[in-house]
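In: Starting from these lines, generate the structure:
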Amino acid sequence: MPRFLYLYLRGYHRYALPVLTVLVLVVLAWYAWYWAVAGFVALGLILYVMYKKEQAFAEEFQTYITTLRHRVKKVGEDVISELPIGILLYDEEQTIQWHNRYILKLFAEADTLVGTKLEELSPSLAEWLKKEEREGTIRFNELSLDIISYPEERLLYVIDNTGYHELKKKYRQEQVVFLNIHLDNLDEVTQGLDEQRRSLLVGRVTNTISRWASEHGIYLKRTASDKFFGVMDEQTLREIEETKFDILDRVRELTRHNKIPVTLSIGVGAGNSSLTELGDLAQSSLDLALGREGDQAAVKRYPDKVTFYGGKSNAVEKRTRVRARVISHALRDMIKESDKVFIMGHRDPDMDAVGAAIGMLKAVQVNEREGYIVLDQEEEYPSISRLMEEINKEKDLKEHLLSPHEAVELISDKSLLIIVDVHKPSLVLEPRLLDSFERKVVIDHHRRGEAFIAEPLLVYIEPYASSTSELVTELLEYQSDHIEMSRLEATVMLAGIVVDTNNFSMRTGSRTFDAAAYLRRHGADPILVQKLLKEEKEQFIKRSRIVEQAEIYRGKIAIAVAEADERYGQVLLAQTADTLLTLDDVVASFVLSKREDGQVVISARSLGEINVQVIMEKMHGGGHLTNAATQLEDISVEDAVQWLKEVIDEYLEGGRET
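Out: Numbers count the residues shown, from 1 in each chain. From the prediction side, this is the model:
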């Protein structure tokens, strides 16, 4: 490759022509030296002129670059200073070192903020910095400021997005909300009243509801004698939530002189969803409120957040035998369509769960199908230890008990799972079994919670019942006219009722005594019930020690903590809570204990003035207005007591009942 071409390609092409000229002159000097001399002189002049021109161009270009850099720097400084975004630099002690002028428009009318502490400038900004987040929003005076932080450079960008946040807030406030209102017990309240008195009572209740709707700007339409449909916006809903749906108390107070006061159930659907979904949310919320004994409001926000309000009154028994008969016949058909039926209760089974399971096993046997109770005999269940001893003596009953592992091997496509005394998936004896069945039935007496068994074919939840054993007893009555029960089977079901009613002293209705009488006629032995529920002297002493250490909180609530080095069964804790209720001025009791698996168990009881179910639900548990419980993981007993007191304070001081 020629040298000059190489130089050209290397970027030295401006030297290629002079070099070529020199080579030509050297060759020419060989033939005519005087022409070569003239050529060298001319070449020298040309190179000199070229050098001067290039030097002048370089100086001019350098001047241009310098001027442009200065202009760019000046413009950059002006832009940073005048940019409608606050820029702030601070040191390790959170003292402002530099800021642009826009910061002054946001935080202070002053010449400079250099040297000012961030805590003095804005406590909310200093507090936000402690979270070590990259982006966030704070409130300063009437402004909503978006913050972008670069902690490694100790740099903050502050953007005034007040208009955007106000628009966003307004959009949320104006979102459509549906609500359904249902009069829980209108038929029961007006039963026996003449037409005039009935119309007067219904008119008073209706006028009260209409005035409440008018006060809050709710469009309300009566769709039936005991049903209303309403439309409002999100802001109105939040205002009503602040009052904790006081319409519940208004209507109850309006009719408190009646033998049975009128109560409402309210279902609300809210959130950013379609109108169809809002309607579904409102209806499912109403179903949830009704399933929790009524006299409360359930607010369900899209997609799945549920908040409860009310639930302050004891449920009034209003079950009808018509419903029990219909459910019983439907259950009978489902059993007959199955090849095997499996019955399962909740974790740490108690007398009611086992009694209901044995009753369902009898229903399966009456319909000539193969039935099993899922209950691991190798496990120790302190609550039913005496019962397990009795079951082991009866071969016919013992052979129908299966562990969860054994049950899995027998399941087929036509198998049926009956879940008793529980409806939350996480609380069943073996949650993994739920996915093995396509056909499921739920029978329970607890107030329905947000979590529920997925896709059951049949649901029979009656919070008005004293126990699941009572419900199962009624179902058995309609299975056959010729049911034969062993002494132990009938006794265990009766024991389930006795335990859940605290010897028929709480949550007891006429149907409860009817069920007990039915079991007594079929061989239930009250003496054996007492034997099954007897406790050892050591257990009695343990309970007495817990009662002795009880703290009376806020003058009327007993909180007791069991000794850490002792093991306590669920029955003992429940009995201790019941015992605490017998103390003077105590209206509610809570007993806490730590189990061997590390969980903290709380058993709660109430005389009805305080809704312990609401309190336990806030601590991830559930139950009834007068008896509830929860199990807490990864928490110490001391922290659990502190949490419990905070929830009680919130409940008593008018906080949300969520």
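In: For the rest of this, base every contact and every neighbour count on C-alpha atoms.
Out: Will do.
In: how's the chain carved up into domains?
Out: Domain assignment of the chain by automatic domain parsing yields the ranges 3-63, 86-169, 193-310, 334-533, 537-652.
In: Can you measure across the longest one, start residue to end residue?
Out: Put plainly, it is domain 334-533. The straight-line separation of the ends of domain 334-533 (C-alpha to C-alpha, to the nearest Å) is 34 Å.
In: helix/strand/coil for residue 575?
Out: Secondary structure assignment for residue 575 (DSSP: H, G, I helix; E, B strand; the rest coil): helix.
In: thinking again about what came up before, of all the domains of the chain, which one comes closest to residue 177?
Out: For residue 177, the closest of those is domain 193-310, at 4.9 Å, according to C-alpha to C-alpha.
In: Figure out the helix or strand that residue 646 lives in.
Out: Under the criterion of DSSP states H and E, residue 646 resides in helix 637-652.
In: And that helix, what does it pack against?
Out: Judged by 3 or more C-alpha pairs under 8 Å, 6 or more residues apart in numbering; DSSP states H and E, helix 637-652 is in contact with strand 588-594, helix 612-618.
In: In that helix, which residues are buried?
Out: 637, 640-641, 644-645, 647-648, 651 (16 or more other C-alpha atoms under 10 Å).
In: picking that back up, compare the mean pLDDT across the domains of the chain and name the weakest.
Out: Across the domains of the chain, domain 3-63 has the smallest mean pLDDT, namely a mean of 68.
In: Next, the buried residues of the helix or strand containing residue 386.
Out: Counting by DSSP H and E, the element that carries residue 386 is helix 385-393. Neighbour-count burial for helix 385-393 flags 387-388, 391 (criterion: 16+ other C-alpha under 10 Å).
In: Next, the contact list for residue 496, please.
Out: Contacts for residue 496 (C-alpha atoms under 8 Å, 6 or more residues apart in numbering) come out as 350-356, 467-469.
In: That one: which element?
Out: Here residue 496 is assigned to helix 487-500, by DSSP H and E.
In: Just the buried subset of the contacts of residue 496, please.
Out: Burial by neighbour count, 16+ other C-alpha under 10 Å: within the contacts of residue 496 this picks out 350-356, 467-469.
In: could you redo the residues you listed as TSV and give each row secondary structure and distance to residue 305?
Out: Shown next, in TSV, are the buried ones among the contacts of residue 496 (DSSP: H, G, I helix; E, B strand; the rest coil; distance: C-alpha to C-alpha, whole Å):
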residue	secondary structure	distance to residue 305
350	coil	31
351	helix	34
352	helix	31
353	helix	30
354	helix	33
355	helix	35
356	helix	32
467	coil	29
468	helix	28
469	helix	32
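In: where do the strands sit along the stretch 351-500 of the chain?
Out: Along the stretch 351-500 of the chain, counting by DSSP state E, counting those that start in this stretch, strands occupy 370-374, 401-402, 416-420, 440-444, 458-461.
In: same thing with the stretch 51-200 of the chain?
Out: So, for the stretch 51-200 of the chain - with DSSP E, counting those that start in this stretch - the strands run 86-90, 96-99, 135-140, 143-150, 155-160, 176-183.
In: Can you give me the end-to-end span of stretch 495-515?
Out: One end of stretch 495-515 to the other measures 12 Å (C-alpha to C-alpha).
In: got the buried residues for that stretch?
Out: 495-502, 506-509, 511-512, 515.
In: Return the closest of the residues you listed with respect to residue 131.
Out: Closest to residue 131, out of all of the buried residues of stretch 495-515 and judged by C-alpha to C-alpha, is residue 500, at 47.9 Å.
In: I'd say the closest one and residue 467 touch.
Out: Yes - using C-alpha atoms under 8 Å, residue 500 is in contact with residue 467, at 6.0 Å.
In: List the residues that are in contact with both of the two.
Out: residue 352.
In: As JSON lines, the buried residues of helix 637-652 with distance to residue 221 would be great.
Out: JSON lines is the format used below for the buried residues of helix 637-652 (distance: C-alpha to C-alpha, whole Å):
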{"residue": "637", "distance to residue 221": "50"}
{"residue": "640", "distance to residue 221": "46"}
{"residue": "641", "distance to residue 221": "46"}
{"residue": "644", "distance to residue 221": "41"}
{"residue": "645", "distance to residue 221": "42"}
{"residue": "647", "distance to residue 221": "37"}
{"residue": "648", "distance to residue 221": "37"}
{"residue": "651", "distance to residue 221": "32"}
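In: on that earlier part again, pick the most buried one from the strands of the stretch 351-500 of the chain.
Out: Of the strands of the stretch 351-500 of the chain, the one with the most neighbours on average (mean count of other C-alpha atoms under 10 Å) is strand 416-420, at a mean of 26.
In: Run me through the strand neighbours of it, direction for each.
Out: Sheet pairing of strand 416-420 (DSSP bridges) gives strand 340-344 (parallel), strand 440-444 (parallel).
In: where's the last one relative to the chain centroid, distance-wise?
Out: For strand 440-444, the separation from the chain centroid amounts to 23 Å (computed by C-alpha atoms, centre = their mean, to the nearest Å).
In: wait, which of the buried residues of helix 637-652 is closest to residue 299?
Out: Closest to residue 299 out of the buried residues of helix 637-652 is residue 651 (17.7 Å), distances taken as C-alpha to C-alpha.
In: so the closest one sits right up against residue 613, yeah?
Out: No - using C-alpha under 8 Å, residue 651 is not in contact with residue 613, being 11.3 Å away.
In: about what we covered before: export the helix holding residue 646 to CSV, keeping only CA atoms.
Out: Extracted in CSV, the C-alpha atoms of helix 637-652 (Å, rounded to 0.1, in the frame of the first residue of the first chain):
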residue,chain,number,x,y,z
VAL,A,637,-46.7,-13.6,75.2
GLU,A,638,-45.7,-10.1,76.4
ASP,A,639,-46.1,-8.6,72.9
ALA,A,640,-49.4,-10.4,72.5
VAL,A,641,-50.7,-8.9,75.8
GLN,A,642,-49.6,-5.4,74.6
TRP,A,643,-51.3,-5.9,71.2
LEU,A,644,-54.4,-7.2,72.9
LYS,A,645,-54.6,-4.1,75.1
GLU,A,646,-54.2,-1.8,72.1
VAL,A,647,-57.0,-3.6,70.2
ILE,A,648,-59.2,-3.3,73.3
ASP,A,649,-58.4,0.4,73.7
GLU,A,650,-59.3,0.9,70.0
TYR,A,651,-62.6,-1.0,70.4
LEU,A,652,-63.6,0.9,73.6
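In: quick check: angle from it to strand 588-594?
Out: Helix 637-652 runs at 160 degrees relative to strand 588-594, counting by axes from the mean of the first three to the mean of the last three C-alpha atoms, to 10 degrees.
In: Run through who's touching helix 637-652.
Out: With contacts defined as C-alpha under 8 Å, 6+ apart, helix 637-652 is touched by 561, 592-594, 600, 615, 618-619, 656-657.
In: Reformat the residues you listed into JSON lines and put neighbour count and distance to residue 141 next to each item.
Out: Output for the contacts of helix 637-652, formatted as JSON lines (neighbours: other C-alpha atoms under 10 Å; distance: C-alpha to C-alpha, whole Å):
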{"residue": "561", "neighbour count": "21", "distance to residue 141": "47"}
{"residue": "592", "neighbour count": "27", "distance to residue 141": "45"}
{"residue": "593", "neighbour count": "26", "distance to residue 141": "48"}
{"residue": "594", "neighbour count": "24", "distance to residue 141": "48"}
{"residue": "600", "neighbour count": "19", "distance to residue 141": "44"}
{"residue": "615", "neighbour count": "26", "distance to residue 141": "37"}
{"residue": "618", "neighbour count": "19", "distance to residue 141": "34"}
{"residue": "619", "neighbour count": "19", "distance to residue 141": "36"}
{"residue": "656", "neighbour count": "18", "distance to residue 141": "28"}
{"residue": "657", "neighbour count": "21", "distance to residue 141": "32"}
